[in-house]
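Next comes the sequence, and after it the predicted model I'd like to discuss.
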Amino acid sequence: MVVAGIDIGSRIAKAAIMEAGSIVSYAVLDTGLDSTQTAMKVLRLAASKAGATASDIQYIVATGYGRVLVEFADEMVSEIACHAKGVNYYFPSARTVLDVGGQDSKVINCDEKGRVVSFAMNDKCAGGTGRFLETMADLLQLPLDKMSMLSLKAAKPVPLSSHCVIYEKSEVLLKLRQGVPKYDLVAGIYESLVTRIMDLLAKVSLQEDFVFGGGVARNIGLFTKLQERLGVGAKTIPEPVIQGAVGAAVLAGERMREGHARKHQKEWNTWLTTI
Amino acid sequence: MVSEDYRVMWQELGMDLDKHDEFLAPVPQLYHDLFLAQGNRPASMEYFDFVMSEVHGLRVKELVEFKQAGGFVAGTFCVYVPDELVLAAGGAVIGLCAGAQYPIPAAEKILPRSTCPLIKASLGFRLERICPYAQVSDFLVGETTCDGKKKMWEIMNDYGPTYVMELPQRKDEVDRELWQAEVRRFKDYVEGQSGRAITPDTLAGAIRLVNEKRRALQRLYDCRKHDPAPISGKDVLLISQLAFFDDPQRFVAQTINLCQELEGRIERGEGVVPAGTPRILVTGTPMPLPHWKLHHIIETSGAVVVCEETCTGTRYFETLVADDASTLDAQLEAVAGRAMQINCACFTPNDGRINDILRLVREYRADGVIYYNLQFCQTYSIEHYLVEKALQQAGVPVLHIESDFSEEDTAQLATRVQAFLEMLG
């Protein structure tokens, strides 16, 4: 049984292939302008890595902002449910999942089967998201990974009073002019982001095991700071960027076992030749 | 196509025609995609589609002609303001709350950005001169429901007479007395503006008419209590919004007409969605025209909205004015009394709202509640905590969403709504 999960994010498209209950391959591409094309491309790429072809795939679940554009998917599921499932695949003991993404952040409580029990997401504000880090890295003219390492050197993190990206930008600029060392400033920026994340975590009940996922989890500076503040160890999955696609693939496998029929059995072969 | 007559009329109303054109340009396509493209709509929605297609045209023309014949128009912003007194003095009432993103940048030149979008849009329309209803109004009626509105009226008054009613913030005896005094003061103001005295006869007629409108809306909402829901939440939201504009008598007749069609559907077990579709109750801040965003997201994610505990929902019509009073004094007391039964977050304490929501969840057989408040609306965003606690205790799933009139967070909200519906199972 070969099934697939496709996660079309605002920036990156991911696909994961599951065979006999295990994830056997995955692929990652830039989303680009044509999400349908990209979805098929990333699916073929992932399939080929598993030594299969797209025509071997028996069920597809799509997720991510571009999920509605994956016409050939058999089902669309929110990324909240897929992230929970994806983390559950790696850590069945996970009960709280934090995902800090490029344009949104979410916390999810899930059960032993990876089903969502409750969740919270940031409101109309980029304050607690990866976009915030990007803006600040841009301002400090530092690559993200360098900024992350730099923060570990901080002697005295600079407290930043504002939680708004726009206002915080001016605050950071002012401190830079005052000669505050960049590492202390970067540490202050992480403190500020962690505070926003803590606000979000307060909306659900933090239970162990706690898993920190999403692209921003790779940021070692933030990861360290968050664990310090929470006083709770966080696990992270090997490739956080594909956790949504993995969850979608797991769900696709569940649907197959439950005997769900494919939604587009007839069109599937046409799509294989036309997209 | 806009007829030339309307352009002349808008010009005479002092509107900015270029901006108005720009503002209205996307509406037909939007309306098509959100409303006309829905499947299985009741045929009687045709009337409301027509009203919407003429929303800045025919109805405004009626009001202009009404004024030429000696009438006057009052523009209001709150369900506490008594329409009855305006009607009894021979006037027409229009609800002016705005739900559009377009005029917000203009308002932000004056108001802090961290002001509720409803307040910004309402002032923005006035500043940009693109709302014919604001232009045709002889005077506006504000109230002290929140700090943002309270201070905005002072600015609005520079652009046209803006009368302010003081709404108390508690419902004790002393507060009821204050509100009664405010209703009487408003009566004097309206009489002064119109030059006509309100009599027990005219007021009785107005009370009857507005009650009829509320009863028609109640009957429409009663239809939604059935599974499968016979009408989409989006269509009902539209009707509630138009209730603030349309001629009340005609609106009542057309709404009853629609109810008859829906009651037929219910009898035959027909729905606008299949039976068993997840049923959502929306509670929170008002959704003035054309703020359809949340309903559209919910109803394109596989659920149906069955009730709104908002000012563009049950708070608008659930309470009637007692119509058995015969003296003017007793009538005014009854008019004031109705408002004191509405549970808005501007009151403290406001347990009544929690009880209302719990009751409505049962009455409308809702599977989940979406608590929606506009960004920077302090009272509703703070009250969320207590409402959510009560709903959780009652075992009712709830999702909190804060947003505004812009479209930029649509995809993000769709994700949250879909995840919430997946949880309902």
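On my side now, so go ahead. Numbers count the residues shown, from 1 in each chain, chains lettered A, B, ... in the order given.

which SS state does the closest residue to chain B within the stretch 51-200 of chain A fall under?
Residue of the stretch 51-200 of chain A nearest chain B, by C-beta to the nearest C-beta: residue A:80 (3.4 Å). Where you see a C-beta, it was placed from the backbone N, CA and C, and this is true even at glycine. What DSSP: H, G, I helix; E, B strand; the rest coil gives for residue A:80 is helix.

quick one: low-confidence ranges for the stretch 51-200 of chain A?
The model of the stretch 51-200 of chain A has pLDDT under 70 over residues A:102, A:124-128, A:162-165.

re the thing from before, quick check: the residue of the stretch 51-200 of chain A closest to chain B touching residue A:110?
No. Taking C-beta atoms under 8 Å as the definition, residue A:80 is not a contact partner of residue A:110, at 9.7 Å.

show me the contacts for the residue of the stretch 51-200 of chain A closest to chain B.
Contacts for residue A:80 (C-beta atoms under 8 Å, 6 or more residues apart in numbering or on different chains) come out as A:106, A:108, A:116, A:119, A:121, B:415-416, B:418-419, B:422.

Just the ones of those residues in helices?
Cross-referencing these against helices under DSSP state H gives B:415-416, B:418-419, B:422.

Tabulate those residues (a markdown table), appending neighbour count.
Putting those into a markdown table (neighbours: other C-beta atoms under 10 Å in any protein chain shown) gives the following:
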| residue | neighbour count |
| --- | --- |
| B:415 | 23 |
| B:416 | 24 |
| B:418 | 24 |
| B:419 | 24 |
| B:422 | 17 |
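
ok, these vs residue B:289, which is closest?
Comparing these against residue B:289 with C-beta to C-beta places residue B:416 closest, at 24.4 Å.

quick one: that closest one and chain A, what's the gap?
5 Å (C-beta to the nearest C-beta, to the nearest Å).

quick check, residue A:99 in a strand?
Yes. Counting by three-state DSSP, residue A:99 is located in a strand.

Looks like it contacts residue A:214 (just checking).
Yes. Counting by C-beta under 8 Å, residue A:99 touches residue A:214, with 3.8 Å between them.

Quick one: residues contacting residue B:415.
Applying C-beta under 8 Å, 6+ apart, the residues contacting residue B:415 are A:65, A:78-80, A:104, A:121.

Rebuild those residues as TSV, extending it with distance to residue B:148.
Rendered in TSV, the data for the contacts of residue B:415 read as follows (distance: C-beta to C-beta, whole Å):
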residue	distance to residue B:148
A:65	33
A:78	34
A:79	35
A:80	33
A:104	27
A:121	26
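
ok, residue A:5 - how many residues close by?
Neighbour count of residue A:5, defined by other C-beta atoms under 10 Å in any protein chain shown: 35.

Name the nearest residue to it, ignoring sequence neighbours.
With C-beta to C-beta, 6 or more residues apart in numbering or on different chains as the criterion, residue A:5 has its nearest non-adjacent residue at 2.7 Å, and that residue is residue A:248.

I'd like the next helix or strand past the one helix or strand the one you found maps to.
Assigned by DSSP states H and E, residue A:248 falls within helix A:243-257. Where DSSP H and E defines the elements, the next helix or strand beyond helix A:243-257 is helix A:265-274.

quick one: buried residues of that following helix?
Using 16 or more other C-beta atoms under 10 Å in any protein chain shown as the test for burial, helix A:265-274 gives residue A:268.

near chain B, which residues of the stretch 101-250 of chain A?
A:103-104, A:116-119, A:121, A:123-124 (C-beta under 8 Å from any C-beta of the partner chain).

ok, those vs residue B:358, which is closest?
For these, the nearest to residue B:358 is residue A:118 (20.0 Å; C-beta to C-beta).

List the residues that contact the closest one.
A:108-109, A:204, B:423.

Widest-spaced pair of the residues you listed?
The most distant members of those, if one measures by C-beta to C-beta, are A:204 and B:423, lying 12.6 Å apart.

what do those two both touch?
A:118-119.

Would you agree residue B:297 is in contact with residue B:410?
Yes. At 6.7 Å, residue B:297 and residue B:410 qualify as touching, with contact defined as C-beta under 8 Å.

Of these two, which one has the most company?
residue B:297 (22 against 14).

and the more buried one, how far is that from residue B:242?
For residue B:297, the distance to residue B:242 equals 21 Å [C-beta to C-beta, to the nearest Å].

Tell me the pLDDT of residue A:37.
If you check residue A:37, the pLDDT there is 86.

so who does it touch?
residue A:275.

so it sits in a helix?
Yes. Applying three-state DSSP, one finds residue A:37 inside a helix.

Please report how far it lies from residue A:267.
16 Å.

residues near the residue of the stretch 151-275 of chain A at minimum distance from chain B, how many?
Residue of the stretch 151-275 of chain A nearest chain B, by C-beta to the nearest C-beta: residue A:203 (8.4 Å). The local packing of residue A:203 (other C-beta under 10 Å) involves 14 other residues.

what's the nearest residue to it if we skip its chain neighbours?
residue A:120 (3.7 Å).

give me the residue from chain B nearest chain A.
residue B:419 (3.4 Å).

so who does that residue touch?
A:78-81, A:116, A:119.

ok so residue B:189 is a strand residue?
No. With three-state DSSP as the criterion, residue B:189 is located in helix rather than a strand.

for chain A, what are the nearby residues on the stretch 251-400 of chain B?
Residues of the stretch 251-400 of chain B lying near chain A (C-beta under 8 Å from any C-beta): residue B:375.

what about the strands in the stretch 251-400 of chain B?
For the stretch 251-400 of chain B, applying DSSP state E, counting those that start in this stretch gives strands covering B:279-284, B:304-309, B:368-374, B:398-403.

residues in contact with the third one?
With contact meaning C-beta under 8 Å, 6+ apart, strand B:368-374 is reached by B:116-118, B:278-285, B:287, B:294, B:298, B:357, B:361, B:380-381, B:384, B:387-388, B:391, B:396-404, B:417, B:420-421, B:424.

are any of those buried, and which?
The neighbour-count test (16+ other C-beta under 10 Å) applied to the contacts of strand B:368-374 identifies B:116-118, B:278-285, B:287, B:294, B:298, B:357, B:361, B:380-381, B:384, B:387-388, B:391, B:396-404, B:417, B:420-421 as buried.

could you measure the nearest residue to residue B:373 once chain neighbours are set aside against residue B:307, distance?
Of all residues not flanking residue B:373 in the chain, residue B:380 sits nearest, at 4.0 Å (C-beta to C-beta, 6+ apart). Residue B:380 is 17 Å from residue B:307, where distance means C-beta to C-beta.

possible to save the strands of the stretch 251-400 of chain B as a markdown table with mean pLDDT?
Shown next, in a markdown table, are these (pLDDT from 0 to 100):
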| stretch | mean pLDDT |
| --- | --- |
| strand B:279-284 | 98 |
| strand B:304-309 | 98 |
| strand B:368-374 | 98 |
| strand B:398-403 | 95 |
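
And those strands: which comes nearest residue A:235?
Across the strands of the stretch 251-400 of chain B, the minimum distance to residue A:235, taken as C-beta to C-beta, is reached by strand B:398-403, at 27.3 Å.
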